[in-house]
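Engineer: take this sequence and fold it.
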Amino acid sequence: MLPPESLSGRVLGVGIDLVEISRIRGSGERHGDRFLEKVFSDAERAAMSGRADPWPGYAARFAAKEAVSKAFGTGIGAELDWRSVSVVTDSAGAPRVELDAKGAELLRARGASRILISLTHTGSLAQACAVLVS
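Structural biologist: Below you'll find the model as predicted:
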């Protein structure tokens with residue numbers, strides 16, 4: 001559950017994404033480290049490295065990157081890179097978005113102060129929802 005102070009502020013953008021876990025697994029198996037290093041931050045790869053099956057977690061983080069890019073209204077491309085958005089876990093176990101300098105500049109340009117994120121997955125699908133808040 002989110003603390004009450006994280007619920008204040010004006011919503012400036014919302015993004016959602018749904019991805020098949022098998023699609024991310026297939027990309028990882030076909031392209032190996034090249035795919036993982038292009039899309040996921042060092043922290044994300046470290047968090048997934050100890051898991052028996054890392055692909056649901058990778059897929060949820062992939063969906064989160066897409067959801068954040070949709071909340072910004074940019075998509076992944078010139079204004080926001082794959083690695084501009086990193087999903088880390090806070091001390092309570094909740095997902096939290098960290099942005100690189102490019103992402104942080106875009107956050108400021110949109111007049112937002114933070115991004116709220118929620119992730120979920122089943123056996124075959126991973127989903128993320130992102131909300132830009134002032």
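
Engineer: Arg51: neighbour count?
Structural biologist: 11 (other CB atoms under 10 Å). The way it works is simple: take the backbone N, C-alpha and C, and place the C-beta from them, glycine included.

Engineer: mind listing what the closest residue to it other than its chain neighbours touches?
Structural biologist: The shortest distance from Arg51 to any non-neighbouring residue, by CB to CB, 6 or more residues apart in numbering, is to Gly57 (6.1 Å). Gly57 makes contact with 47-48, 51, 121, according to CB atoms under 8 Å, 6 or more residues apart in numbering.

Engineer: check what pLDDT Gly57 gets.
Structural biologist: In this prediction, Gly57 carries a pLDDT score of 97.

Engineer: dihedrals phi and psi, it?
Structural biologist: phi -70, psi -40 (degrees, to the nearest 10).

Engineer: for Ala60, same thing?
Structural biologist: phi -60, psi -40.

Engineer: quick one: low-confidence parts of this protein?
Structural biologist: 1-7 (pLDDT under 70).

Engineer: can you map out the strands along it?
Structural biologist: 11-20, 85-89, 95-99, 114-121, 125-133 (DSSP state E).

Engineer: let me have these in a markdown table, extended by mean neighbour count and distance to Ala78.
Structural biologist: What follows is the strands of the chain, written out as a markdown table (neighbours: other CB atoms under 10 Å; distance: least, CB to CB, whole Å):
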| stretch | mean neighbour count | distance to Ala78 |
| --- | --- | --- |
| strand 11-20 | 16 | 17 |
| strand 85-89 | 21 | 15 |
| strand 95-99 | 17 | 16 |
| strand 114-121 | 18 | 20 |
| strand 125-133 | 22 | 19 |
